[in-house]
Every structure is written in structure tokens, then in C-alpha cells.
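S.K.: with the sequence up front, the predicted model follows.
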Amino acid sequence: MKAYTYILFSEFARKYYTGSCDDLKKRFDRHNNSNVPSTKYGVPWKLLWYRELLSRSEARKLELKIKKRGAKRFLQDLSKES
């Protein structure tokens with residue numbers, strides 16, 4: 001079963017949000033329709049980055065790793081690798 005880890009950014013709130021899910025499009029729509037309590041004040045959200053993984057547990061592990069590092073620094077690290 002596929003799962004996703006993703007990073008969103010809100011220009012309005014100037015904040016990043018990191019999450020994981022099974023259906024990325026559905027989850028992204030929920031964020032932008034103010035159906036997620038932790039992101040309802042940042043609408044509209046932009047999808048900055050995502051990765052498809054093989055399982056929900058892998059997606060959750062990556063989500064926690066990104067949160068520990070910080071989404072902004074994680075993305076900066078990725079850009080340095082390219």
C-alpha cells in the first residue's frame with residue numbers, strides 16, 4: 001500500500017506543515033478546505049515537496065525525521081544535494 005510524506009507551506013501564516021497520509025490529493029484538499037484543525041488558519045497551502053513510500057509506517061518515520069530536523073532545514077538540505 002502506498003503512502004506519502006509531504007511538506008506544505010502557507011504564505012499567509014509563513015509556516016511549514018509536515019504530514020503523512022495514504023491519499024495525498026484528498027489530504028491536500030482537506031488542508032485547503034480548512035478541514036484540518038492544525039492548518040485551517042494558513043489557507044491557502046502550497047505543496048512544496050512529497051515522497052511516495054511503500055507503507056504508512058515508512059511515511060510516518062520520514063515525517064518524524066523531517067519534523068525533528070525542521071521542514072525548512074530539510075528542504076535546504078535537499079537543495080544542497082542537487
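M.R.: Done, it's in.

S.K.: CA only for contacts and neighbour counts going forward, please
M.R.: Fine.

S.K.: give the contact list for Ile7.
M.R.: Taking Cα atoms under 8 Å, 6 or more residues apart in numbering as the criterion, Ile7 is in contact with Tyr16, Tyr17, Thr18, Gly19, Leu47, Leu48, Trp49, Tyr50, Ala71.

S.K.: now, those residues that are in helices?
M.R.: Within the contacts of Ile7, residues falling in helices by DSSP state H are Ala71.

S.K.: the contacts of Ile7, buried ones only, as a PyMOL selection?
M.R.: A single PyMOL command suffices to select whichever of those are buried according to 16 or more other Cα atoms under 10 Å:
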select buried, resi 16+17+18+19+71
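
S.K.: any idea whether Phe9 is helix, strand or coil?
M.R.: Using DSSP: H, G, I helix; E, B strand; the rest coil, the structure places Phe9 in strand.

S.K.: what about it, how many residues nearby?
M.R.: Using other Cα atoms under 10 Å, Phe9 has 21 neighbouring residues.

S.K.: what sits opposite it in the beta ladder?
M.R.: Beta-bridge pairing of Phe9 under DSSP bridges involves Tyr16, Lys46.

S.K.: quick one: contacts for it?
M.R.: Lys15, Tyr16, Tyr17, Trp45, Lys46, Leu47, Leu48.

S.K.: distance-wise, check the nearest residue to Arg56 once chain neighbours are set aside relative to Arg14.
M.R.: Using Cα to Cα, 6 or more residues apart in numbering and skipping the chain neighbours, the partner closest in space to Arg56 is Ala3 (5.2 Å). For Ala3, the distance to Arg14 equals 26 Å [Cα to Cα, to the nearest Å].

S.K.: higher neighbour count, these two?
M.R.: The neighbour comparison of Ala3 against Arg14 (other Cα under 10 Å) goes to Ala3, with 19 against 8.

S.K.: Lys61 is in contact with the more buried one, correct?
M.R.: No - judged on Cα atoms under 8 Å, Ala3 makes no contact with Lys61 at a distance of 11.4 Å.

S.K.: helices along the chain, start to end?
M.R.: With DSSP H, the ranges of helices along the chain come out as 24-32, 56-69, 71-81.
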